[in-house]
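Visitor: Show me the folded form of this:
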Amino acid sequence: MNSYVITPKSQAEQKELNRFLASAHLAAKVLSDDEKEEIGLMLMMSDVDPNDTVSEEDIRNLRAE
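Guide: Residues are numbered from 1 along each chain as shown. Purely as a prediction, here's the structure:
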């Protein structure tokens, strides 16, 4: 099933949203900053090609900087 991410702009909007979700008997979860960061990292990792490689020379050049 799909999910929605909704970010209230103020405390008042957050209270109103919570009230609506409760009255509509909709399940909701508030994400912490750490959880949002983890989701972002997972999305970035899913876009990486596991077969892509970096040359030893490129790694050496990074260490030299």
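
Visitor: Can you name the residues that contact Ala28?
Guide: Asn18, Leu21 (Cβ atoms under 8 Å, 6 or more residues apart in numbering). From N, CA and C alone the C-beta is placed, and that goes for glycine too.

Visitor: do that again at 6 Å, thanks
Guide: Leu21 (Cβ atoms under 6 Å, 6 or more residues apart in numbering).

Visitor: What is the least confident helix or strand in the chain by mean pLDDT packed up against?
Guide: When the helices and strands of the chain are compared on mean pLDDT, DSSP states H and E, helix 56-64 comes out lowest with a mean of 86. Here helix 56-64 touches no other helix or strand, going by 3 or more Cβ pairs under 6 Å, 6 or more residues apart in numbering; DSSP states H and E.

Visitor: Output it as PDB - backbone C-alpha positions only.
Guide: C-alpha atoms of helix 56-64 as PDB (Å, rounded to 0.1, in the frame of the first residue of the first chain):
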ATOM      1  CA  GLU A  56      42.600   2.800  -7.200                       C
ATOM      2  CA  GLU A  57      44.100   6.000  -8.700                       C
ATOM      3  CA  ASP A  58      40.900   8.000  -7.800                       C
ATOM      4  CA  ILE A  59      41.100   6.700  -4.200                       C
ATOM      5  CA  ARG A  60      44.700   7.700  -4.000                       C
ATOM      6  CA  ASN A  61      43.900  11.100  -5.300                       C
ATOM      7  CA  LEU A  62      41.200  11.600  -2.700                       C
ATOM      8  CA  ARG A  63      43.700  10.600   0.100                       C
ATOM      9  CA  ALA A  64      46.200  13.100  -1.300                       C
END
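
Visitor: Report the buried residues of that helix.
Guide: By 16 or more other Cβ atoms under 10 Å, helix 56-64 has no buried positions at all.

Visitor: Distance from the chain centre to it, please.
Guide: 31 Å (Cα atoms, centre = their mean, to the nearest Å).
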